[in-house]
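> Next come a sequence and a model predicted from it.
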Amino acid sequence: MEKLNEKYKDKITIKSVDLNKSESFAQQYPIRVTPTIFFFNSDGSAFIPSKELTKKLSYVSYKNKNEDGIVLSGTEGLLQQEVLEQLIEEMIENAK
């Protein structure tokens, strides 16, 4: 993640949270496994990857009972760097 953060530092923000040190943060999100990576657009809304890309991820998405659409999306478990870079490139290409 550090290498990707350096490579894309002017285009995206990558944040990492140690769940053992940030229990209150972890309780705000549906984290079932580590690592879990959530995808956000620059406005804080959920980024929804293409169907092609979701097939390469252990993709998860969540809806709020009181709202339409997906409010949180991400992947659970380890990702190959190549797939993560494809995701980042897609996020940059589709930036709002």
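On my side now, so go ahead. Residues are numbered from 1 along each chain as shown.

> Could I get the buried residue list for the helix or strand bottoming out on mean pLDDT in the chain?
Scoring the helices and strands of the chain by mean pLDDT, DSSP states H and E places helix 23-26 at the bottom, with a mean of 82. Within helix 23-26, the residues that count as buried by 16 or more other C-beta atoms under 10 Å are residue 26. (Each C-beta comes from the backbone N, C-alpha and C, glycine too.)

> list the helices and strands whichever helix or strand comes after it packs on?
Note on helix 23-26: by DSSP states H and E, the next helix or strand toward the C-terminus is strand 36-39. Here strand 36-39 touches strand 70-76, helix 81-93, going by 3 or more C-beta pairs under 8 Å, 6 or more residues apart in numbering; DSSP states H and E.

> Quick one, which of those gets closest to residue 50.
Counting by C-beta to C-beta, residue 50 lies closest to helix 81-93 out of these; the figure is 6.2 Å.

> helices and strands around the closest one, which ones?
Packed next to helix 81-93, using 3+ C-beta pairs under 8 Å, 6+ apart, are helix 2-7, strand 36-39, helix 51-54.
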